[in-house]
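Q: Have a look at this fold, sequence not included:
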């Protein structure tokens, strides 16, 4: 090894000790979301710009409505709340994508087609994430219903013919396929 390579390696090692990243809690909080684009795959349920109290209210409403009796049922209701929250975020991301790319003009259909054409990768990725989140939502809802039905059977010895009604909110598209407005959603 030459002296020049040894000196360069030593300099790199000295410099790397000085670059340790954020140290303070405030610095770490700022850096936490550096790679965040849309938050649909974030490990954090509530991201910057969203109201944690609003998410907690949704979660509490679902807990009250579904009335879980076991830890596993509570976990499923929490998963339902998390996926519902992420679906609401996906709808907001979709609206932002439209708003960012559609210019007002005489032919709104042509503007929409141009928006899809110009951003087909973004829309495809958004659709894949949304589909995955919806699957998780319905899987948790189905599993919750199954567990509650089994619990009722074991408690009563039989089950009533009526299916328990769980009306968990899920945003639905309107007739023309556009994203419906979510109550309490500000754009």
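A: Thanks, I have the structure now. Owing to the predicted nature of the structure, the values given are computational and were not obtained by experimental measurement.
Q: secondary structure element for residue 145?
A: Assessed by DSSP states H and E, residue 145 sits inside helix 120-156.
Q: which regions of the chain sit below the pLDDT cut-off?
A: Residues of the chain meeting the criterion pLDDT under 70: 1-2, 19-22, 27-41, 101-109, 111-112, 115-119, 158-187.
Q: Show me what the helix holding residue 145 is packed up against.
A: helix 71-101 (3 or more Cβ pairs under 8 Å, 6 or more residues apart in numbering; DSSP states H and E). Where you see a C-beta, it was placed from the backbone N, CA and C, and this is true even at glycine.
Q: Just want the angle from the helix it packs on to helix 120-156.
A: Here the directions of helix 71-101 and helix 120-156 differ by 160 degrees (axes from the mean of the first three to the mean of the last three Cα atoms, to 10 degrees).
Q: How about helix 71-101, which residues are buried there?
A: 73, 76-95, 97-98, 101 (16 or more other Cβ atoms under 10 Å).
Q: likewise stretch 56-68?
A: For stretch 56-68, a neighbour-count test (16+ other Cβ under 10 Å) marks 58-59, 62-63, 66, 68 as buried.
Q: could you redo those residues as CSV and give each row distance to residue 7 and secondary structure?
A: Output for the buried residues of stretch 56-68, formatted as CSV (distance: Cβ to Cβ, whole Å; DSSP: H, G, I helix; E, B strand; the rest coil):
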residue, distance to residue 7, secondary structure
58, 59, helix
59, 58, helix
62, 63, helix
63, 63, helix
66, 66, helix
68, 65, coil
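Q: Quick check: of the residues you listed, which lies closest to residue 144?
A: Using Cβ to Cβ, the shortest approach to residue 144 within the buried residues of stretch 56-68 belongs to residue 66, at 6.5 Å.
Q: didn't the closest one look like it was pressed against residue 73?
A: Yes. Residue 66 sits in contact with residue 73 when judged by Cβ atoms under 8 Å, with a separation of 7.3 Å.
Q: what do those two both touch?
A: Residues touching both residue 66 and residue 73 comprise 144, 148, with contact defined as Cβ atoms under 8 Å, 6 or more residues apart in numbering.
Q: Neighbours of residue 46, how many?
A: Look at residue 46: counted by other Cβ atoms under 10 Å, it has 17 neighbours.
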